[in-house]
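Chemist: got a predicted structure here, sequence first:
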Amino acid sequence: MRGLALTALGLLFALLGHTLYQQDHDPADAQPEGATLRQQLVERLASGQPIKDPLLARYRDFLEQEARLPLPRAPDLASLTRLFEARDQLRRLTFTPEEQARLFAEERLMEQWTLRRKALAEAPPAEQAQLGEALALWLAEQPDWFQEAESNGRLIGDLQRIDALPPEARRLALLERVGPEAQGRLQQLAQDQQAFEQRLAGYLTALAAQGDPAPEADRQLLATWFPESQWRRVAALTRLRQGQSEPQ
């Protein structure tokens, strides 16, 4: 993979790391309650402890039923609309309106954004300008964190498209898109990401050698490889990599 692809990934993980850092250090930007429940559920299941909290038990049942919803093979506006409606119906059947607002406000916002973007992409040319304006107005009404995430997503998409250009065109396009100062920062982020990936590979190898370590041993191993500010990111990537390596 070429250098800019690593740069894009470096930017993505840097943005994710910054977001997680803010959630850890700013009470006003605390983790959404749905994410907190999901983390609690994972910890309870991993420890083998019984789930006595009624809300946590219902949330577990909800996730099991949600996982059984059929996913569209070729997601278009119609199929995504059906999927999101089925998911929301399941939420309404499982939780009170107050619980839904606490647990799923951010997920519903992301679903609206997805449907609006998909409607714009599938619209005939004569309707795209109007839908684009409506999307911009809707986005301007959303929280700052959501607008920043949407802007970062567009930047990463642009970087990935730039990566397909010939070397000199790629350099000029990157310079025009982000400017000279940011270009240097992106290169540094790519190097930082490479170093992080090397540490992650070493950590996963050591974790596999331990088999199924106790939680305390796992935390000690984690502390030898990463600062505490990166533990949540590493835990999420570990679950992802371990899931990918399981036989299908």
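Modeler: Received the coordinates, thanks. Fair warning: this is a prediction, and the values are worked out from it, not measured in the lab. Numbering: from 1, shown residues only.

Chemist: going forward, measure contacts between C-alpha atoms and count neighbours the same way
Modeler: Fine.

Chemist: so, low pLDDT: which residues of the protein?
Modeler: Where the chain drops to pLDDT under 70, the residues are 1-35, 38, 42, 45-46, 181-183, 185-187, 213, 242-248.

Chemist: could you chop it up by domain?
Modeler: Domain assignment for the chain by automatic domain parsing gives 1-30+144-243, 31-122.

Chemist: so which bits of stretch 230-242 are buried?
Modeler: Buried residues in stretch 230-242, counted by 16 or more other CA atoms under 10 Å: Gln230, Trp231, Val234, Thr238.

Chemist: work out the gap between that stretch and the centre of the chain.
Modeler: 12 Å (CA atoms, centre = their mean, to the nearest Å).

Chemist: likewise for stretch 36-50?
Modeler: Remark: stretch 36-50 is offset 20 Å from the chain centroid, using CA atoms, centre = their mean.

Chemist: so what touches it?
Modeler: Contact partners of stretch 36-50, identified using CA atoms under 8 Å, 6 or more residues apart in numbering, comprise Ile51, Leu56, Tyr59, Arg60.

Chemist: for the residue lying closest to Gln65 once chain neighbours are set aside, what are phi and psi?
Modeler: Nearest non-adjacent residue to Gln65, counting by CA to CA, 6 or more residues apart in numbering: Leu90, 8.0 Å away. Leu90 adopts backbone torsions of phi -60, psi -40, taken as degrees, to the nearest 10.

Chemist: neighbours around Leu90, how many?
Modeler: When neighbours are defined as other CA atoms under 10 Å, Leu90 has 16 of them.

Chemist: same check, this time on Gly202
Modeler: Residues near Gly202, counting by other CA under 10 Å: 12.

Chemist: the chain: helices as residue ranges?
Modeler: Ranges of helices within the chain are 3-25, 33-47, 54-67, 77-94, 97-122, 125-140, 144-162, 167-209, 215-225, 231-245, based on DSSP state H.

Chemist: winner for burial among these?
Modeler: Highest mean neighbour count among the helices of the chain (mean count of other CA atoms under 10 Å): helix 3-25, with a mean of 17.

Chemist: can I get the buried residues of stretch 230-242 in JSON lines with distance to Gly202?
Modeler: Listed next are the buried residues of stretch 230-242 as JSON lines, based on distance: CA to CA, whole Å:
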{"residue": "Gln230", "distance to Gly202": "15"}
{"residue": "Trp231", "distance to Gly202": "15"}
{"residue": "Val234", "distance to Gly202": "12"}
{"residue": "Thr238", "distance to Gly202": "12"}
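
Chemist: most widely separated two among the residues you listed?
Modeler: Pairwise distances across the buried residues of stretch 230-242 (CA to CA) peak at 12.1 Å, for the pair Gln230 and Thr238.

Chemist: the contacts of stretch 36-50: which two are farthest apart?
Modeler: Greatest spacing in those, by CA to CA: Ile51 and Tyr59 (10.7 Å).

Chemist: test my guess that Phe62 contacts Thr94.
Modeler: Yes - at 6.8 Å, Phe62 counts as touching Thr94 under the criterion of CA atoms under 8 Å.

Chemist: related to what we said a few turns ago, the residue nearest to Gln65 against Arg68, yeah?
Modeler: No - if you go by CA under 8 Å, Leu90 and Arg68 don't touch, sitting 11.2 Å apart.
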